[in-house]
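1. Pasting the sequence and the predicted coordinates here, then a few questions.
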Amino acid sequence: MDSDHCILLVEDSADDVKLLKRAMRKAAVSCPVHIVADGDKAIEYLDGAGAYADRHAFPLPTLVLLDLKLPRRSGFEVLEYLRAHAMLKKTIVVVLTGSSESRDIANAYTRGANSYLVKPIKPGQMDHLVNCVKEYWLDTNRPPPVFSPA
């Protein structure tokens, strides 16, 4: 089912990107994974603007893995942006962040997150977490059509 998907990973930590990419390989995530390091780049990607104008090379994601603590625009701002635009508002957003603060969890769900996951400390736990995300969001769940304007 992965071939029908595209993931946008919004993560500013190079170490976390490395761990996530390794965990995705181990989980046999076979769909394209595009990585941006800040909130501005995430919105540029979602808009298909600038370096991301070629929608063949940079398709709209069916799943966004979104860190909250980002440079420039925060993950909360990216989430608000997604939910404010008709073509993007049904995009599945899994917050994947280091914060376990109740306030951040509540704010993420209030702004329309589909899921909230706290980054584990141990690499083996990250492997398990990514495998769970893959099994549910990519293999089991049926997302709305990517280009659905309503």
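-> Thanks, I have it.

2. need the helix or strand of this protein with the lowest average pLDDT.
-> For the chain, the helix or strand with the lowest mean confidence is helix 123-133, at a mean of 92 (criterion: mean pLDDT, DSSP states H and E).

3. Could I get the buried residue list for the longest helix seen in the chain?
-> Counting residues, the longest helix found in the chain (DSSP state H) is helix 14-26. Residues Asp16, Val17, Leu19, Leu20, Ala23, Met24 are the ones in helix 14-26 that count as buried (16 or more other C-beta atoms under 10 Å). Glycine gets a C-beta too; all of them are placed from N, C-alpha and C.

4. go on, stretch 112-128?
-> For stretch 112-128, a neighbour-count test (16+ other C-beta under 10 Å) marks Ala113, Asn114, Ser115, Tyr116, Lys119, Met126, Asp127 as buried.

5. How many residues are close by the residue lying closest to the first one once chain neighbours are set aside?
-> With sequence-adjacent residues excluded and distances taken as C-beta to C-beta, 6 or more residues apart in numbering, Ala113 is closest to Val95, at 4.8 Å. Counted with other C-beta atoms under 10 Å, residues neighbouring Val95 total 26.

6. Please tell me the pLDDT value assigned to Val95.
-> The model reports Val95 with a pLDDT of 99.

7. Name whatever forms a beta bridge with it.
-> Counting by DSSP bridges, Val95 is bridged to Leu66, Tyr116.

8. And it, how far from Asp54?
-> Counting by C-beta to C-beta, to the nearest Å, the gap from Val95 to Asp54 is 28 Å.

9. that older thread, which strands and helices sit next to the longest helix of the chain?
-> strand 33-36, helix 123-133 (3 or more C-beta pairs under 8 Å, 6 or more residues apart in numbering; DSSP states H and E).

10. JSON lines please, covering these and showing distance to Thr140.
-> Formatted as JSON lines, those follow (distance: least, C-beta to C-beta, whole Å):
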{"stretch": "strand 33-36", "distance to Thr140": "19"}
{"stretch": "helix 123-133", "distance to Thr140": "11"}
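
11. pretty sure Ser99 contacts Asp67?
-> No. With contact defined as C-beta atoms under 8 Å, Ser99 does not count as touching Asp67 (9.3 Å).

12. Thanks again, I'm all set now.
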